[in-house]
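[1] I would like to see how this sequence folds:
(2 chains)
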There are 2 protein chains.
Amino acid sequence: MSIHVVVIGAVAVGPKSASRFKRLMPEARVTMVDRSGRISYGGCGIPFFVSGDISRVEELQSTPYGTLRDAAYFKKAKGVDVLTRTEATRIDRKTKTVTVTDMASGRESSLAYDKLVIATGSSPFIPPIPGVTLEGISPATNLDEAEAIKDALAKGQVNNAVVVGGGFIGLEMAVALADMWGIPTTVVELKENILPGFLSPALARMAARDLGDHGVTVLTGESVQRFEGENGHVKEVVTDKRTIPADLVVMAVGTRPNTQLAEAAGLALGERNLILVDEYMRTSDPDIYAGGDCVAIRNQVTGKPFWLPLGSQANRQGRVIGTNLAGGSARFPGAVGSWGVKLFEESAAGAGITLEGALAAGFDAELVQVQQVDRAHYYPEHDMMSLEAVIDKASGRVLGVQGVCPNGDSLVSRINAVSPLIAMRGSVEDLGNLEVVYSPPFSSAMDVINVLGNVAENTLKGRSRTISATEFRSMWDERDAKTHCFLDARAQADAAPYCAAFGDEWLNIPQDQMKDRVAEIPGDKPIIVICNTGLRAYEAQRVLDELGFTDHRTVAGGLVSLNRMGLGILPKK
Amino acid sequence: MSIHVVVIGAVAVGPKSASRFKRLMPEARVTMVDRSGRISYGGCGIPFFVSGDISRVEELQSTPYGTLRDAAYFKKAKGVDVLTRTEATRIDRKTKTVTVTDMASGRESSLAYDKLVIATGSSPFIPPIPGVTLEGISPATNLDEAEAIKDALAKGQVNNAVVVGGGFIGLEMAVALADMWGIPTTVVELKENILPGFLSPALARMAARDLGDHGVTVLTGESVQRFEGENGHVKEVVTDKRTIPADLVVMAVGTRPNTQLAEAAGLALGERNLILVDEYMRTSDPDIYAGGDCVAIRNQVTGKPFWLPLGSQANRQGRVIGTNLAGGSARFPGAVGSWGVKLFEESAAGAGITLEGALAAGFDAELVQVQQVDRAHYYPEHDMMSLEAVIDKASGRVLGVQGVCPNGDSLVSRINAVSPLIAMRGSVEDLGNLEVVYSPPFSSAMDVINVLGNVAENTLKGRSRTISATEFRSMWDERDAKTHCFLDARAQADAAPYCAAFGDEWLNIPQDQMKDRVAEIPGDKPIIVICNTGLRAYEAQRVLDELGFTDHRTVAGGLVSLNRMGLGILPKK
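    This is a model prediction of the structure:
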């Protein structure tokens, strides 16, 4: 049987499914079409090209061995015919043909298919803000845009940059501009925190502090009203709160799936107009597969379709499609939605859903946080990891895990360990027992990920009762009202600078002296117990319970959390 | 209800279970006894103390906040009574008492218990080799031994060191001696490769190459016959093959569980005399719990009890015991057996069982290997990861995963991701779809772990047919017999040095030219296809299949594997 497969789109899903299919069924014919002249590239690498980490844009379009993946390569190495600068304009499912237009000549022709793959991806969303068409304003999602931005940087034409949107691409671009080119850069994010939908406000604040420490101004809860230009080139960004000078603006407010073709062909679409596929990556037409940024896949947390436009997803889905085109029955299980981003001295990563997402999905959920170093504390090299879990209160199920840590690999290592647990609906008890590689240079005997599970369990059982570091900061700022007792459970030496700075506003009773010094603890107001990371405060909380105190809470993540968020209370010397 | 809990052993399980129990039931009484004066220490940190990474041995016995965890600490901070230098000599289950002896005075007394915890750990095994009692020969498993070794090093008394045993502790000690002290060090391992039972011969060879490159001589398949001394101090180690000068010998041939007390009390023991416990960590006596190095836990790969003496296991089991002592019903699920070790420029890690272990357990198993960088190949910082999976042929189930990589965190990240998959009996298809955090600074769009799953699937389906790099090396060494055709599928530029060195013994036809140059490929002998990592060789294999060639195999891991094992064939300049 020699069949003809047509693939629309040649960036990730397209090339992967075409190549896999041809390896399984070499006698078959594959035609892949793409509107661009540049195909099969790693778009996720664009910020690293702009930064200069990668010198030539072709590296993003090359194999690990330096071979350019152009049309000729696919023909010779993979046996796949590629029509570049060719737009697919119509799918006729009855006649099983795709109408395509050669974009140079305008000539229209028709491709008959036995099986079709829709891999049309997504396009950057450009909101209709006045002035958005000025020169110097551009998204950074394809290689041409990337080259234009880097060209302007290299020519010294950029003195100030603004990135609109504090998601992954926006932050990576901000890091590229500020780190490698030293450009004063401002990120403007409409939502109340950066990486909205991916990080809690507390973790987002830690990430923002890192950006702020390295020359990136982060403005959240702020909306761009218009762009002002001079001679047709952008000059200023006007928000609802200020005017920011800018000769380069990167638009990174998100992308939209390219599903008009699928819609016109009458294929079933879901929310956001995403193409619906089954676990075999088949659309509602059994002869048409779809994958990558234009489809909805199964969210393993909520069980519902969701959008996860990531190159890794596209590649894995592409392989499944390639197998099934060749008569196989490979399945794609969906995803929990894991992600990561490297900033300056911190990285952030996560899997599953946030507290906000969990509440929106109807879970009665709770957030727990721990601060612990990523290796054995006695091992000389280690970094503080801030890790949070989102927990379903009733079942104890782990719905999400997110973190911020200077060692990105180390953080990703924990997120990768928890992802399968989330997918299989594991509980806080499973998290407490989760087996991770143990050796002092890699982890603790009581690893941060297990501690996170244990803290979550203690929280669900009501043994650990906390306030967040931001809540503490608000209470502390109102301390003149003397409505709370702030009790530092650390050893005297650790607490000394705070005692010196705050006098009798700061009560220091080390956890192991609490029983002896019970008389010093006021019984008439709520007690806020604090320590470095929350560990000793929890032990103190257990003692206070035993001593009969009823109104006391600890600060989740303690002073470390506070300091990592840039909310430290100790006066600077 | 106020009960009395007696805990025998105060290193890891003991302190953890006692502290957890007291937090849950503060009104209860706990007495913990230990033969040593030093308790609650991180024995796994000993090599890092010996190396000098950690300056004072007390750091291994301290909290993250620098508080020494001695008997006074447990009394004050945890409310636990500790009897140090006290040996438990007998458990009377009828009267529910433990007989203990104060080791200083020899005075015997009796402790009545409601619940008992056996946390007696393990002791180093000292084989009865002639001369083994000479001075300068010692294990490195407790703090006193560690201090004595470091003392000898600091005093310049060590000119040559021998480590007997190439397991985790042996290798970590060898690294400590050679790296930080510059001592010429030899590791003598009885088995055919280092880390026997944990790494395949190929990966072990990569690890051994790293040791060899940094001043550690690795001798495998070699047995120590006797130790020779001078003035009562060791001077030489005599093996079955040579005599090695040594004024320090670290005995690291393994440990044995301390279960004599449990045995004498009539508790159920299993293989190796390990104490048998249920998922609640209860022994055959419901009032007696046990955990840590003296128990067998459930192996989630084989379903059978096994031994996993690790500090992380002990801590997690200790918490389960603490919960259950307080009337809870926490469960310990067992483990797949994950591990890691940092050497010089390479780290090794794994989870599940090796090929050898799988065959011994009755699986019809197969080994697959991939070589791929740990991040997007275009991202400037990346390391080569050598990763193997052990697969059950019939079911496609993943039984184990092991690897070697310069970036240990990055390797551990993949092992941690696969551990849960192994535990839940996932298949190669699950591995191919496994969701790991994707972003170019952390991983590839087609990550090494997914590629491993895909290669395993292609292998099981018979599409990928390989020989190992060592098999290739043997064939290559016999190349004068001209029984095989060695076909390099890389681009001409990549293959040039090999063509120059080996002339017509080395046939270079790039994968994408194979169809055009089919006439050059001999049809009368087996073809061995090679490339850098195995990827292009696999694609060439698919083309050879299509062209009708029947006898051809690729070299798993390619030239990278060969070179990483120190078996590279290119003449040195």
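[2] A:A152: what's it in contact with?
    A:136, A:158, A:247-248 (CB atoms under 8 Å, 6 or more residues apart in numbering or on different chains). No exception for glycine: its C-beta is placed from N, CA and C like everyone else's.
[3] and the residue nearest the centre of chain A?
    With distances taken as CA atoms, centre = their mean, the residue of chain A nearest its centroid is A:W339 (4.4 Å).
[4] re earlier: who wins for neighbours among the contacts of A:A152?
    A:L248 (25 neighbours; other CB atoms under 10 Å in any protein chain shown).
[5] now do A:P124 against B:I91, distance only.
    71 Å (CB to CB, to the nearest Å).
[6] then A:A262?
    For A:A262, the distance to B:I91 - CB to CB - is 72 Å.
[7] higher neighbour count, those two?
    Higher neighbour count among A:A262 and B:I91: A:A262, with 27 against 23, using other CB under 10 Å.
[8] wait, the more buried one sits on A:L274?
    No - assessed by CB atoms under 8 Å, A:A262 is found out of contact with A:L274, at 9.3 Å.
[9] identify the contacts common to those two.
    In contact with both A:A262 and A:L274: A:C294, using CB under 8 Å, 6+ apart.
[10] got any ranges where the stretch 251-400 of chain A has weak pLDDT?
    Within the stretch 251-400 of chain A, no stretch falls below the threshold (pLDDT under 70).
[11] chain A too?
    A:1, A:573.
[12] switch the cut-off to 90
    By pLDDT under 90, the low-scoring segments of chain A are A:1-2, A:64-66, A:180, A:572-573.
[13] tell me how far stretch A:463-479 lies from the chain's centre.
    Distance, stretch centre to chain centre, for stretch A:463-479: 27 Å (CA atoms, centre = their mean, to the nearest Å).
[14] buried set for it?
    A:464-470, A:472-473, A:475-476 (16 or more other CB atoms under 10 Å in any protein chain shown).
[15] which of those fall in helices?
    Filtering the buried residues of stretch A:463-479 for membership in helices, criterion DSSP state H, returns A:469-470, A:472-473, A:475-476.
[16] quick check, nearest of the residues you listed to chain B?
    A:A469 (18.8 Å; CB to the nearest CB).
[17] so the closest one sits against A:G568, correct?
    No - checked against CB under 8 Å, the pair A:A469 and A:G568 is beyond contact range at 9.9 Å.
[18] hey, what's in contact with both of these two?
    By CB under 8 Å, 6+ apart, the residues touching both A:A469 and A:G568 are A:L562.
[19] is it true that A:I353 touches A:V301?
    Yes - in this structure, A:I353 is within contact of A:V301 by CB under 8 Å, at 5.3 Å.
[20] shared neighbours, those two?
    With CB under 8 Å, 6+ apart, A:I353 and A:V301 have common neighbours A:337, A:361, A:399-400.
[21] quick revisit: got the buried residues of stretch A:463-479 as TSV, with distance to A:V373 columns?
    Output for the buried residues of stretch A:463-479, formatted as TSV (distance: CB to CB, whole Å):
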residue	distance to A:V373
A:S464	20
A:R465	25
A:T466	20
A:I467	23
A:S468	21
A:A469	18
A:T470	23
A:F472	22
A:R473	23
A:M475	27
A:W476	25
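[22] ok, and of those residues, which contact chain B?
    For chain B, no contacts are drawn from the buried residues of stretch A:463-479 by CB under 8 Å from any CB of the partner chain.
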